[in-house]
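Participant: sharing a sequence plus its predicted fold:
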Amino acid sequence: MNGLMMQRALLVSSLLVHAERHHGGQQVVSRRVEGDVHRYSFREMAARSRRVANVMDALGIGPEARVGTLAWNGYRHLELYYGVSGAGRVLHTLNPRLHPDQMAWIADHAEDEALFFDLSFLPQVEAIAARVKTIRHFVALCDRGHMPAASAIPGLLCYEDLLAAASDAYAWPEFDEHRASSLCYTSGTTGNPKGVLYSHRSTLLHCYAAALPDSLNCSARDTILPVVPMFHVNAWGLPYAACMVGARLVLPGPGLDGRSLYELFESEGVTVSAGVPTVWQGLLAHVETHGLRFSTMRRTIIGGSACPPAMMRAFQERHAVDVLHAWGMTEISPLGTACALKRHQLELPAAERYRVQAKQGRAVFGVDIKIVDDAGRELPWDGQTSGELLVRGPWIVSGYLNGEGGSPLVDGWFPTGDVCTIDADGFMLITDRAKDVIKSGGEWIGSIELENIAMSHPAVAMAACIAARHPKWDERPLLVVVRRPGVELAKQDLLNFYTGRIARWWTPDDVVFVDSIPLGATGKMLKNRLREQHGEHLMTTAVPA
Ligand code: ADP
């Protein structure tokens, strides 16, 4: 017997309709490429998103066509999120930090028909305009007054002109919720990037789960500032969640340095933020150097790579900002686990509580997790045994765009490539990515813990631990470190710092000091680049025993 409930498709447009009807006066504040701060209401955002939908028709963009964006977090990008997907086209968020060759490759692979871009990215778009195969329309996200005087892009269109010429009347179409809504490519640190194609249904289910109290905890009482870019896994779903719950949204545009972010947090009364650890380093450095305080910020969500406990302590103890450590992947929409403490963990002494908070957390409902050994056998949840993490759920990839690489699934589970333990409370701790693990004399050493220890040293600004080739042990840990400006730190002092904090044989063999650590397009340390640069270091310095 079937239930007798209505069949209403879960569509991205329904989030916007809800936001307009129930939170119409709620604000979206954006720092613009033009330099000023723009503000309007959800009501105006909804009207302009309907204009975007009409622009899709006016430009003759085919049903289900991919529409590219190359844009910061801002209100126009938000209008594209809703207008493009709502009108049944697929929003393809391109990462502007990629090399133009990669960008052109991805746009061709996705067969994008149009590209909407912020003016800051004009040089990148000019570099690819002549060679991309399928893009028919290039649209600059600005008004007529800001259009470039001369451009190498023939027929360059002006976003505000297009919107002004379009009607704000548009009836959002109803269609199968399994249809694609947006597309995001993996970073391609190994091999070519692969397209992950989200559906309307997966996006909405992910949004419900992300908004829950023990997940990202979004509410109509919050002012949310996603530092995580809208070009990186849909800014972890926050642009959707804000409409679902009616939260005020503050979008930082290109201003991602510590000073710009701090000013926006304070001037707009931001309560919640979200981003990768490298961003928070800049913010914390600014706040601490100038002796500043957060007057409204209460929580921040940190994920994308491991959050060093030293950073958590700084936020929580010095600034009364709670840190929620979360884990996810492009293939998981991205949210998989969040480290919201259970009741009994609140009573733990501080040191133990931080040990729990350093974990990536427990699965949100909808995502199931398990760890397996090399033979695929499930491993126990004892907080000790480590294996590869596998996940499954309705917002997890089942295959890549164009069937690239065949089915990634193993018995219906998606192998993440992350090496983890899971404890009896279900809290998962990533010890490494499979490709970063250090294999020393047949034993595994997890690089993340070694980095966390280095990061807790007061003289260290940033630390990466890589597998360096070793004449005797195959591989040994090598630390690559950026010192804090103006601070002295000798190699041996840093190595001594490991004593008593870790098994002796885990201690890194050597330290290389560098001016900066290369970051990838999503703000993560590029360990493969570091391995290319320093992977042979111990072959010359190590004395075989
Ligand atoms: P890429 O890093 O290749 O750009 P994603 O952005 O999808 O791809 O990143 C997913 C990976 O990032 C995960 O598989 C995991 O290795 C890492 N990651 C994400 N969140 C965390 C976290 N909180 N702690 C440690 N690693 C994380």
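Facilitator: That came in fine, so what should we check first? Residues are numbered from 1 along each chain as shown.
Participant: and this protein, which of its residues are near the ligand?
Facilitator: 186-187, 189, 303-306, 325, 327-330, 360, 416-418, 430, 433, 522, 524 (C-beta under 6 Å from any ligand atom). To be clear about C-beta, it is placed using only N, CA and C from the backbone, and glycine gets the same treatment.
Participant: any chance of the backbone angles for the nearest residue to Val437 once chain neighbours are set aside?
Facilitator: Excluding its sequence neighbours, the residue lying closest to Val437 (C-beta to C-beta, 6 or more residues apart in numbering) is Trp444, at 5.4 Å. Note on Trp444: backbone dihedrals following degrees, to the nearest 10 are phi -100, psi 140.
Participant: and Trp444, how many neighbours does it have?
Facilitator: 13 (other C-beta atoms under 10 Å).
Participant: so what's it bridging to?
Facilitator: Trp444 forms beta bridges with Lys439, as assigned by DSSP bridges.
Participant: which element is the residue of the chain found nearest the ligand on?
Facilitator: Nearest residue of the chain to the ligand (C-beta to the nearest ligand atom) works out as Ser187 at 3.0 Å. If you go by DSSP states H and E, Ser187 is not part of any helix or strand.
Participant: correct me, but it touches Leu526?
Facilitator: No - judged on C-beta atoms under 8 Å, Ser187 makes no contact with Leu526 at a distance of 9.7 Å.
Participant: model confidence for Gly188, exactly?
Facilitator: With respect to pLDDT, Gly188 scores 65.
Participant: and the residue nearest to Val437, what does it touch?
Facilitator: 386, 419, 431-432, 437-438 (C-beta atoms under 8 Å, 6 or more residues apart in numbering).
Participant: which of these fall within helices?
Facilitator: Per DSSP state H, helices hold no members of these.
Participant: roughly how far apart are the residue nearest to Asn452 when sequence neighbours are not counted and Cys218?
Facilitator: The shortest distance from Asn452 to any non-neighbouring residue, by C-beta to C-beta, 6+ apart, is to Pro308 (4.8 Å). Applying C-beta to C-beta, to the nearest Å, the value for Pro308 to Cys218 is 25 Å.
Participant: could you do Glu64 as well?
Facilitator: Distance from Glu64 to Cys218, by C-beta to C-beta: 30 Å.
Participant: please apply the same query to Ala171.
Facilitator: In terms of C-beta to C-beta, Ala171 sits 28 Å off from Cys218.
Participant: that older thread, got any residues that touch both of Ser187 and Leu526?
Facilitator: Gly520.
Participant: distance between the helix or strand of the chain with the lowest mean pLDDT and the chain's centre?
Facilitator: None of the helices or strands of the chain scores lower by mean pLDDT, DSSP states H and E than strand 443-445, at a mean of 85. Remark: strand 443-445 is offset 28 Å from the chain centroid, using C-alpha atoms, centre = their mean, to the nearest Å.
Participant: and the next helix or strand after it, which residues are buried?
Facilitator: Toward the C-terminus, strand 443-445 is succeeded by helix 447-455 as the next helix or strand (DSSP H and E). Using 16 or more other C-beta atoms under 10 Å as the test for burial, helix 447-455 gives 447-455.
Participant: pull the distance from helix 447-455 to the chain's centre.
Facilitator: So, by C-alpha atoms, centre = their mean, the centroid of helix 447-455 is 21 Å from its chain's centroid.
Participant: what number of residues lie near the nearest residue to Ala459 once chain neighbours are set aside?
Facilitator: Spatially, and ignoring its direct neighbours in sequence, Ala459 is nearest to Leu489 (3.9 Å; C-beta to C-beta, 6+ apart). Around Leu489 sit 17 other residues, with neighbours defined as other C-beta under 10 Å.
Participant: Tyr185 and Val196 touch, don't they?
Facilitator: Yes - with contacts counted by C-beta under 8 Å, Tyr185 reaches Val196, the gap being 7.1 Å.
Participant: more neighbours: those two, which one.
Facilitator: Tyr185 (26 against 22).
Participant: report the contact partners of Val437.
Facilitator: 419, 431, 444-447, 467.
Participant: now do Ala340
Facilitator: 213-215, 217, 324, 361-362.
Participant: what do Tyr185 and Val196 both touch?
Facilitator: By C-beta under 8 Å, 6+ apart, the residues touching both Tyr185 and Val196 are Thr330.
Participant: may I have stretch 78-98 as CSV, with CA atoms only?
Facilitator: Output in CSV follows, covering the C-alpha atoms of stretch 78-98 (Å, rounded to 0.1, in the frame of the first residue of the first chain):
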residue,chain,number,x,y,z
LEU,A,78,23.6,33.8,-6.0
GLU,A,79,21.1,34.8,-8.6
LEU,A,80,22.8,32.5,-11.0
TYR,A,81,22.6,29.7,-8.5
TYR,A,82,18.8,30.0,-8.4
GLY,A,83,18.0,31.3,-11.9
VAL,A,84,20.1,28.8,-13.8
SER,A,85,19.2,25.7,-11.8
GLY,A,86,15.6,26.8,-11.3
ALA,A,87,15.2,27.1,-15.0
GLY,A,88,16.3,23.5,-15.6
ARG,A,89,19.8,24.4,-16.7
VAL,A,90,22.9,23.1,-14.9
LEU,A,91,25.0,25.6,-13.0
HIS,A,92,28.7,24.8,-13.5
THR,A,93,30.9,26.7,-11.0
LEU,A,94,34.4,26.9,-12.4
ASN,A,95,37.3,27.5,-10.1
PRO,A,96,39.1,30.8,-11.1
ARG,A,97,42.3,29.8,-9.4
LEU,A,98,42.9,27.1,-12.0
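Participant: so how far is it off the chain centroid?
Facilitator: 16 Å.
Participant: picking that back up, looking at the contacts of Ala340, which are in strands?
Facilitator: The members of the contacts of Ala340 that map onto strands under DSSP state E are 324, 362.
Participant: thought Cys218 was touching Thr271, still the case?
Facilitator: No - Thr271 is not in contact with Cys218 according to C-beta under 8 Å; the separation is 10.3 Å.
Participant: report the set of residues contacting both of these two.
Facilitator: With C-beta under 8 Å, 6+ apart, Thr271 and Cys218 have common neighbours Ile224.
Participant: Arg313: helix or strand, and which one exactly?
Facilitator: helix 309-313.
Participant: same thing with Ile369?
Facilitator: Going by DSSP H and E, Ile369 is part of strand 368-372.
Participant: Phe121 falls within a helix, correct?
Facilitator: Yes - assessed by DSSP: H, G, I helix; E, B strand; the rest coil, Phe121 belongs to a helix.
Participant: surely it is in contact with Leu70?
Facilitator: Yes - Phe121 lies in contact with Leu70 (C-beta under 8 Å); the separation is 4.7 Å.
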